[in-house]
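# sequence below, structure please.
(chains A, B and C)
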Amino acid sequence: MKKPEVKKMLSILKKEFPEPKSALNFSNPLELLIATILSAQSTDKIINEVTKELFRKYKKPEDYIKVPITQLEKDIKKTGFFHNKSKSLRGCCEKLINDFNGKVPDNLEDLVTLPGVGRKTANCVLGNYFGKPGIVVDTHVKRLSQRLGLTEQENPDKIEFDLMEIIPKKEWTDFSNRLILLGRKYCIARKPKCEECPLQKICPSAFNVEKK
DNA sequence: CTCCCGATAT
DNA sequence: ATATCAGGAG
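Okay, here's the model as predicted:
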């Protein structure tokens, strides 16, 4: 996709989703961090269901450490990968307490040192809580970037850097959220609704996907 | 590259 | 039955 089309794409996205907000429910940085870690290979619907109960029980990092690990596993079971995720949550909270004064760090270098936190999760927290621009390459952003011809890459980190070149920095977070919304509403993985998609005219793969 | 791993749509 | 869902670690 060439530069003029990228501009067109950004303006269409802006019109379609004027106020792109995270679909995850949270009321502080710790909650956003936890919700985002849990969101791996799970739907936001399930996550919000689970965190509703979870955040009522667990308020501070200490709360995740004082319960038996089996209890924490039970509390997040529905998100899948519960064995790994419970260990991540616990390790994460221990590190927050030991190395970061109990606070969620506000920069990428520190965030990615936390267990269960990669660039996707870190950028999500930076953008959606701290107001620091970041391209969030989740499964939607990956799929849509490829379909829209914004990248030829497979590796999420490489896709992130490709998008950083194409998209103005100020819009990194909103752009990510808008692609995610578009991916959920129209550009669905299995059965994309190209005929309803606002980007249909400028999307290189609109017809192919539909006729397949 | 493989494993983790429950819930839902197709 | 299988693909896919707001990925990350070994």
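
# got the residues of chain A near DNA strand C?
Applying Cβ under 7 Å from any atom of the strand, we find that chain A lies next to DNA strand C at A:22-24, A:37, A:39-45, A:47, A:80-81, A:84, A:88, A:114-122, A:124, A:128, A:136, A:138-140, A:143, A:156, A:176-177, A:180, A:183-184, A:189-190. (Each C-beta comes from the backbone N, C-alpha and C, glycine too.)

# kindly recompute the last result at 6 Å.
Residues of chain A lying close to DNA strand C by Cβ under 6 Å from any atom of the strand are A:22-24, A:39-44, A:81, A:84, A:115-121, A:124, A:136, A:138-140, A:143, A:177, A:180, A:184, A:189-190.

# and these, which are buried?
Neighbour-count burial (16 or more other Cβ atoms under 10 Å) applied to the residues of chain A next to DNA strand C gives A:22-24, A:39-40, A:42, A:44, A:116-117, A:119-121, A:124, A:136, A:138, A:140, A:143, A:177, A:180.

# filter those residues down to the ones close to DNA strand B.
A:Ser42.

# can you tell me which of the buried ones among the residues of chain A next to DNA strand C are in helices?
Members of these lying in helices (criterion: DSSP state H): A:44, A:119-121, A:124, A:140, A:143, A:177, A:180.

# for the residue in chain A that DNA strand B sits nearest to, what is the enclosing helix or strand?
At 2.4 Å from DNA strand B, A:His83 is the closest residue in chain A, using Cβ to the nearest atom of the strand. In the assignment (DSSP states H and E), A:His83 maps to helix A:82-99.

# after that helix, next one along is what?
helix A:108-111.

# before we move on, the earlier item: which residues does the residue of chain A closest to DNA strand B contact?
By Cβ atoms under 8 Å, 6 or more residues apart in numbering, the contact set of A:His83 is A:Glu73.

# give me the pLDDT value at it.
For A:His83, the model assigns a pLDDT of 97.

# try A:Lys211
At A:Lys211, the model reports a pLDDT of 40.

# looking at chain A, which helix or strand is least sure?
Lowest by mean pLDDT, DSSP states H and E among the helices and strands of chain A is helix A:206-211, with a mean of 56.

# just the strands in chain A please.
For chain A, applying DSSP state E gives no strands.

# could you chop it up by domain?
Per the record, chain A has its domains at A:3-20+A:137-211, A:29-128, by automatic domain parsing.

# measure the residue of chain A closest to DNA strand B to DNA strand C for me?
Applying Cβ to the nearest atom of the strand, to the nearest Å, the value for A:His83 to DNA strand C is 10 Å.

# before we move on, what about A:Asp106?
17 Å.

# so who does that residue touch?
Shown in contact with A:Asp106 (Cβ under 8 Å, 6+ apart): A:126, A:130, A:132.
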